[in-house]
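Undergrad: Provided below for reference: sequence and predicted model.
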Amino acid sequence: MDLEIGNTTRLQHGCRCRIKKSTIFGTFCGYVSPDQKKSIFYDEELNKVKIYNTSRLERTYEKF
């Protein structure tokens, strides 16, 4: 499976993702609500956990 920036594959716990239209990368940590509209996102640059709308996150390549 090719994962390119802008890929719309489903987010899975621990996958690498980024905030759309930005260069902020991090890790998807799960959903906050059962309707999956809010997500927990770990910002790898700031080392902080934040909550974003799931629609603002997109899956991206894995860092090697």
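TA: Alright, I've got the coordinates.
Undergrad: part of a strand, is residue 55?
TA: No - counting by DSSP: H, G, I helix; E, B strand; the rest coil, residue 55 is not found in a strand; it is helix.
Undergrad: any idea how far residue 47 is from it?
TA: According to C-beta to C-beta, to the nearest Å, residue 55 stands 24 Å off from residue 47. The C-beta positions use only the backbone N, C-alpha and C, and glycine is treated the same way.
Undergrad: avg pLDDT for stretch 12-23?
TA: In this model, stretch 12-23 has an average pLDDT of 91.
Undergrad: brain fart, stretch 37-52
TA: Here the average pLDDT along stretch 37-52 is 94.
Undergrad: Pull out the buried residues from it.
TA: Within stretch 37-52, the residues scored as buried using 16 or more other C-beta atoms under 10 Å are 39, 41-42, 52.
Undergrad: Could you do stretch 21-34 as well?
TA: Buried residues in stretch 21-34 (16+ other C-beta under 10 Å): 24-29, 31.
Undergrad: any idea which helix or strand carries the residue minimising distance to the centre of the chain?
TA: Nearest to the mean C-alpha position of the chain, by C-alpha atoms, centre = their mean, lies residue 17 at 3.6 Å. Secondary structure assignment for residue 17, by DSSP states H and E: strand 16-19.
Undergrad: ok, and what's touching that strand?
TA: Contacts to strand 16-19, defined as C-beta atoms under 8 Å, 6 or more residues apart in numbering, come from residues 5, 11, 24-28, 41, 52, 56-63.
Undergrad: partner strands of it, parallel or antiparallel?
TA: Take DSSP bridges as the rule and strand 16-19 pairs in its sheet with strand 25-31 (antiparallel), strand 57-59 (antiparallel).
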